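[1] Let's see this in three dimensions:
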Amino acid sequence: MSKDISILEERYELARERIQELFSEAEGIYREYIQQTCQMFQTLTEVLEQPGDKSRLAEWNQRLYQEAAGEAYETCFANPAYAVKVLGEKTGEYLCWYYVRFRDAIASAYEGDLEEVVLRMELFLQMVNLLYEEEETERALKEAMYYFVHDYDEEQMEKSLRRMLCPEKALIYDIVMNSDFSDTTYLYRYGEYITDNEIRMASFLSSLPEESLYAMAETYTEGYRKGFEAAGIDLTKKQTVQIRYNIGFEPMVRQAIRQFEAMGLQPVFTRKTNTKAMGVVSTSPNKQYQYDHRYDDALYLNKALVQNRLKIAERIFEKYKEEAAVYAGPAVIEIFGEKLFVPASKKESPSYTKEQEELSVGYTRDYALLQNRYIPQDSYSYTIIAYPIPEIGAQFEEIFQETVKVNTLDQEKYQQIQQTLIDALDQGEYVQITGRGENRTELKVQLHPLEHPESQTNFENCLADVNIPVGEVFTSPLLKGTNGVLHVSQVYLNELRYENLEFTFTDGMVADYTCTNYGPEEENRRYIKENILHNRDTLPMGEFAIGTNTTAYVMGRKYEIEAKLPILIAEKTGPHFALGDTCYSMSEDVVLHNPDGKEIIAKENECSALRHTDGTKAYFNCHTDITIPYDELGDIIVFTKDGKTITLLQEGRFVLPGTESLNDILEKQE
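    Numbering: from 1, shown residues only. Below is the predicted model:
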């Protein structure tokens, strides 16, 4: 046994014993808080010490997550409103932050990461000492919080990057490749929240014939491979693929791993965080929990910390530059069908000052530019596919099969229809899009001029590669000359609902915005600024697209799940407009051609062109698609330089000759 392991185990024993004592010693206003934290750590010690005890996996899962699930969250110390009510304004705010950091140890315990668990246990003991021994409790709690973050930033960032870049056949790989799928107990080994969603999904997929699972996985992995092919990137030079999926999809993921390994790619897996569902995820115990803590760093964020983080990040990227060079990118399996979520805005939740908004935006931008130095976006690709989960309703299995159908539509048919649309669009100087009924959309989108129309095109003919399913043509419009109003009656973006969402554009930039989610207009604007503009004052229109997947649209209407469709599918069910970067962000110089051989030249706008002089002003590191569904759409008309017009859609129906067959399924629906 090495000296370091011996010392770590000694620290663990001391912390464990002290936490056991604290449970009975705790008193006063902090008694309930301390006892609940003690109980959590006691459960984690059982996980660490008895990891192979299958008989207790479900019990541990319930113990660790029941306090944050559903209505129980109302009286959980991870709830800022409850923590402040019981413990006082500032102290409650700080102790809520600590409580969430203690809960970060859950995944670490299941991974067998003793060091990470010990760090959280010792932080808890330090915090308890401050509560009972420091006169200036609030100052001491905030100071300890800052130094905990500061002192462990490098270690945490390195762990995160290593997980993304370095394959290791540890817990997650072992679960996927070696579990007996006939016994769903294996799901609890992750240490994530397990519900009927995960159990029923795993049971359903394990009941499918192996050839069906193979075909599903092949749609996903072949989309990934085709993405490299379309971008002209040599996949044989890559060694790792980051697989993201929802727990319960292991039968399909196992097939996908085998297919990726046949391509020469080893899988890497990342975990979700409390506020970001990226990596290997499960049903959230409570989405309000994640929403409440989205700006937890507002409690300590300052310029010095941001500058230090960027220096640390550069050192770590440099350390792993060889691994970064062979990283192929993410392959994502998204899910849809969860209960729709409308967040409650809480005054007790941390929020940024104006200065912190600027720091956060600046850090996100500078980190992305740094990452692009080591993992250039024009050197890797990705793919995304989506499936429903059982929570979608009683018709889950039927909807699942319909989704498989949507994901595997005839690409050749769509390629021809979409080329017809592109041929018409390429004649245009600008495109006009209007709404109908109560939809107030009236937009003019300016297109790039084509100097050589015989060999150039503005629009990409998007088939089922990086974005599955098939079904859109898209471009990066010019900003100057792009003006008007975009409106949708209701839409879900990144799992948040917006009612009567409206943006006004002036020369391609957001000039005004509103929605009707809340009574006070100030609250509506803040909701949009935080979650769509990502705390910026404005964003450009980075994309204009026309979705052609009427089959997906009808599926949404047939099963009344339109609001639950992920943007990956929803964007194909009407014209859509993205706020933020273009689809070619940081890869504008890659030469791309459509299947007809024409080069796609509209890959940037006036913002991204600034990368040549000031990269900090070129990119926004966000891209949010907003779709107008066919039933709210009026017309899409192309205006040519010589004053002619070409109507593509009229009253929400395709009327351009050669595209009318897209209406067939719409007519059947009616």
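[2] So the spatially closest residue to residue 330 that is not a sequence neighbour: helix, strand or coil?
    Spatially, and ignoring its direct neighbours in sequence, residue 330 is nearest to residue 242 (4.4 Å; CB to CB, 6 or more residues apart in numbering). Every residue, glycine included, has its C-beta placed from N, CA and C. Using DSSP: H, G, I helix; E, B strand; the rest coil as the criterion, the local structure at residue 242 reads strand.
[3] Quick one: neighbours of residue 242, just the number.
    23 (other CB atoms under 10 Å).
[4] who does it bridge with?
    On the basis of DSSP bridges, residue 242 is bridged to residue 268, residue 330.
[5] How about residue 493: what's its closest non-neighbour residue?
    In space, and not counting its chain neighbours, residue 493 is closest to residue 624: 5.8 Å by CB to CB, 6+ apart.
[6] how about that neighbour, what does it touch?
    493, 494, 532, 578, 579, 580 (CB atoms under 8 Å, 6 or more residues apart in numbering).
[7] ranges for the helices of the stretch 451-600 of the chain?
    521-531, 550-558, 567-570 (DSSP state H, counting those that start in this stretch).
[8] Against which helices or strands is the longest one packed?
    Spelled out, it's helix 521-531. Judged by 3 or more CB pairs under 8 Å, 6 or more residues apart in numbering; DSSP states H and E, helix 521-531 is in contact with strand 496-506, strand 509-514.
[9] how much does the longest strand anywhere in the chain deviate in direction from strand 509-514?
    Ranked by residue count and defined by DSSP state E, the top strand of the chain is strand 478-493. Using axes from the mean of the first three to the mean of the last three CA atoms, to 10 degrees, the inter-axis angle of strand 478-493 relative to strand 509-514 is 30 degrees.
[10] Direction included, what does strand 478-493 pair up with?
    Using DSSP bridges, strand 478-493 pairs in its sheet with strand 442-446 (antiparallel), strand 496-506 (antiparallel).
[11] how about that strand: buried residues?
    478-479, 482-493 (16 or more other CB atoms under 10 Å).
[12] Now do that strand and helix 521-531, the angle between them.
    100 degrees.
[13] I'd like the mean pLDDT over strand 478-493, please.
    Averaged over strand 478-493, pLDDT sits at 96.
[14] now stretch 613-623
    On average, stretch 613-623 scores 91.
[15] Likewise for stretch 543-550?
    Stretch 543-550 comes out at a mean pLDDT of 97.
[16] how many other residues sit next to the nearest residue to residue 337 once chain neighbours are set aside?
    Spatial nearest neighbour of residue 337, excluding adjacent residues (CB to CB, 6+ apart): residue 392 at 2.9 Å. Using other CB under 10 Å, residue 392 has 21 neighbouring residues.
[17] Return the set of buried residues in stretch 212-221.
    For stretch 212-221, by 16+ other CB under 10 Å, it's 212, 213, 214, 215, 216, 217, 219, 220, 221.
[18] Need those residues in a markdown table (columns: distance to residue 381, secondary structure and pLDDT).
    Below are the buried residues of stretch 212-221 laid out as a markdown table (distance: CB to CB, whole Å; DSSP: H, G, I helix; E, B strand; the rest coil; pLDDT from 0 to 100):
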| residue | distance to residue 381 | secondary structure | pLDDT |
| --- | --- | --- | --- |
| 212 | 26 | helix | 97 |
| 213 | 24 | helix | 97 |
| 214 | 22 | helix | 97 |
| 215 | 22 | helix | 96 |
| 216 | 20 | helix | 97 |
| 217 | 17 | helix | 97 |
| 219 | 16 | helix | 95 |
| 220 | 13 | helix | 96 |
| 221 | 12 | helix | 97 |
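[19] nearest to residue 272, of the residues you listed?
    In terms of CB to CB, no member of the buried residues of stretch 212-221 lies closer to residue 272 than residue 220, at 20.0 Å.
[20] wouldn't the closest one be in contact with residue 469 here?
    No: Residue 220 lies out of contact with residue 469 (CB atoms under 8 Å); the separation is 11.6 Å.
[21] Show me the shaky parts of the stretch 551-670 of the chain.
    Scanning the stretch 551-670 of the chain for pLDDT under 70 picks out 669-670.
[22] Let's see that with 50 instead.
    Across the stretch 551-670 of the chain, nothing is flagged by pLDDT under 50.
[23] how about the strands in it?
    For the stretch 551-670 of the chain, applying DSSP state E, counting those that start in this stretch gives strands covering 575-580, 599-600, 623-627, 633-640, 645-650, 653-654.
[24] Need these in a markdown table (columns: distance to residue 302).
    Listed next are the strands of the stretch 551-670 of the chain as a markdown table, based on distance: least, CB to CB, whole Å:
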| stretch | distance to residue 302 |
| --- | --- |
| strand 575-580 | 26 |
| strand 599-600 | 43 |
| strand 623-627 | 28 |
| strand 633-640 | 47 |
| strand 645-650 | 51 |
| strand 653-654 | 54 |
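[25] quick revisit: contacting residues for the residue nearest to residue 337?
    Residue 392 neighbours (CB under 8 Å, 6+ apart): 336, 337, 399, 559, 561, 564.
[26] Now tell me what touches stretch 508-516 from outside.
    446, 477-483, 498-505, 521, 524-525, 527-529, 532-533, 538-541, 579, 605-606.
[27] buried subset of the residues you listed?
    Using 16+ other CB under 10 Å, the buried ones in those are 446, 477-479, 482-483, 498, 500-505, 524-525, 527-529, 532-533, 538-541, 579, 605.
[28] residue ranges for the strands of the stretch 251-400 of the chain, please.
    266-268, 280-281, 327-336, 383-388.
[29] For the closest residue to residue 439 other than its chain neighbours, give its distance to residue 531.
    Leaving aside its sequence neighbours, residue 439 sits nearest to residue 632 (CB to CB, 6+ apart; 4.0 Å). Taking CB to CB, to the nearest Å as the measure, residue 632 falls 22 Å from residue 531.
[30] quick one: the helices in the stretch 251-400 of the chain?
    Using DSSP H, counting those that start in this stretch, helices in the stretch 251-400 of the chain cover 287-292, 303-319, 321-325, 354-374, 396-407.
[31] thinking again about what came up before, tell me the one among the contacts of residue 624 nearest to residue 179.
    residue 494 (31.1 Å).
[32] now that closest one: how far from residue 391?
    With CB to CB as the criterion, residue 494 and residue 391 are 18 Å apart.
[33] go on, residue 557?
    Distance from residue 557 to residue 391, by CB to CB: 20 Å.
[34] same thing with residue 608?
    Shown here: residue 608 relative to residue 391, a distance of 39 Å by CB to CB.
[35] Looking at the two now, which is surrounded by more residues?
    Ranked by neighbour count (other CB under 10 Å), residue 608 and residue 391 place residue 608 first, with 24 against 18.
[36] just checking, the more buried one touches residue 620?
    No: Residue 608 lies out of contact with residue 620 (CB under 8 Å); the separation is 9.5 Å.
[37] what touches both of the two?
    residue 581.
[38] Just put the buried residues of strand 478-493 in CSV and tack on distance to residue 157.
    Converted to CSV, the buried residues of strand 478-493 look like this (distance: CB to CB, whole Å):
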residue, distance to residue 157
478, 38
479, 35
482, 38
483, 42
484, 43
485, 42
486, 38
487, 41
488, 38
489, 42
490, 39
491, 34
492, 32
493, 28
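[39] between those residues, which is closest to residue 371?
    residue 493 (24.1 Å).
[40] pretty sure residue 233 contacts residue 380?
    Yes: Residue 233 is within contact range of residue 380, at 7.0 Å (criterion: CB under 8 Å).
[41] What's the local residue count around residue 201?
    Residues near residue 201, counting by other CB under 10 Å: 29.
[42] Then residue 139?
    Residues near residue 139, counting by other CB under 10 Å: 12.
[43] same question, the one 4 residues further on
    With neighbours defined by other CB under 10 Å, the count for residue 143 comes to 14.
[44] Is it in a helix, a strand, or coil?
    Classified using three-state DSSP, residue 143 is helix.
[45] any idea how far residue 149 is from it?
    Residue 143 is 11 Å from residue 149, by CB to CB.
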